[in-house]
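Trainee: Model the structure of this input:
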Amino acid sequence: MIQWWQILLLTLYAAYQILDELGPYTSAGQAVFAGLIAGLVMGDLKTGLHIGGMMQLTVLGVGTFGGASRIDANSGTVLATAFAVSQGMDPEQAIGLIAVPVAALMVYTDILGRFANTFWGHRCDADVEKMDWSAYNRHYLLGGLSWSLSRALPVFLALAFGGELVASITSALNGDLAWIGRGLTVAGGALPAVGFAILLRYLPVKKHTAFLLLGFAITALFGTAFANIGTLGGDVAALGIAAGLEGVPSGMYNSLSMLTIAVIGLAVSILYYNNNQARPAVAATAQDGDDDDEL
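Mentor: Numbers count the residues shown, from 1 in each chain. Below is the predicted model of the structure:
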């Protein structure tokens, strides 16, 4: 059950997060930050960060151009975290069932907020003609009201009146419709890959394939290194407790796979090939310059 004070705090955050995207840009309007706030309010920071991080990766390659509307991953994260914690849902299932559909539906409230905001825009135009700057400042600030309500009202209504609906759906997904629940869990876990795919679609991947491979390999290396450093620390602690040297740690990088080494080698080979391909062109240009000087 979601408490009234939790609904109030999450509604206030939903009203503020869109203003942060338009003004201060403190990153409080990012999905991972929404997961942090919702997790703190609901008392389950791990679930909030998990859902927020997954939604952040899902919209990683999604952007707005000009006045275009986009899916509201923040509001989806807030509602998914709140209902996942209150109803005991699996985070991936909450992403597929709540976060993504809500984020998509909030496109329409974003359009409605933009449409309503034209009222304040016309008032500002009239104030400029009258040179009434105090009224202009007041109407300009009130323009944020439409934006805030476009997020706060849907979040409030969903939190206040959607609990029973989500509870019944969750019960069904864990009962007779368990196969749908498993599918939503898989879909929720796969969504970050969609975000990466969208991002890679717009990046010059073909031109910088070597750096993409190196980034993947270095990330794998760091994961291996940190995991084994933890193991090393545990071994040292065990040695201290035992006051002996029987358990000397060994093989710090024993979990490094040959695939990682192969990827690094491939990346270095691509860089070497590209550099050697560029050298003849540079040399030919230099030679042409020398010939011109001789003439």
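
Trainee: now what about stretch 192-209, what contacts it?
Mentor: The contact list for stretch 192-209, computed with Cβ atoms under 8 Å, 6 or more residues apart in numbering, reads 54, 57-62, 212, 267, 270. (Glycine included, C-beta is placed from N, CA and C.)

Trainee: now stretch 133-147
Mentor: Residues external to stretch 133-147 that are found in contact with it (Cβ under 8 Å, 6+ apart): 18-19, 22, 113-114, 116-117, 119-121, 123-124, 127-128.

Trainee: from these, which would you call buried?
Mentor: 18-19, 113, 117, 120, 123-124, 127 (16 or more other Cβ atoms under 10 Å).

Trainee: Show me which of these is closest to residue 34.
Mentor: The shortest approach to residue 34 among the buried ones among the contacts of stretch 133-147 belongs to residue 18, at 11.0 Å (Cβ to Cβ).

Trainee: Just the buried positions in the helix or strand that the closest one is a member of, please.
Mentor: Assigned by DSSP states H and E, residue 18 falls within helix 4-22. Neighbour-count burial for helix 4-22, counted by 16+ other Cβ under 10 Å, picks out 6-7, 9-11, 13-21.

Trainee: Packing partners of it?
Mentor: helix 31-42, helix 73-87, helix 133-161 (3 or more Cβ pairs under 8 Å, 6 or more residues apart in numbering; DSSP states H and E).

Trainee: and for the following helix or strand past the first one, what are the contacting residues?
Mentor: From helix 31-42 onward toward the C-terminus, using DSSP H and E, the following helix or strand is helix 45-58. In this structure, residues lying in contact with helix 45-58 by Cβ under 8 Å, 6+ apart are 30-40, 42, 73, 76-77, 80-81, 84-85, 91-92, 94-95, 99-100, 103, 188-189, 191-192, 194-196.

Trainee: Let's see that with 7 Å instead.
Mentor: 30-36, 38-40, 42, 73, 76-77, 80-81, 84-85, 91, 94-95, 99, 188, 191-192, 194-196 (Cβ atoms under 7 Å, 6 or more residues apart in numbering).

Trainee: swap in stretch 121-132?
Mentor: Contact partners of stretch 121-132, identified using Cβ under 7 Å, 6+ apart, comprise 135-136, 139-140, 143.
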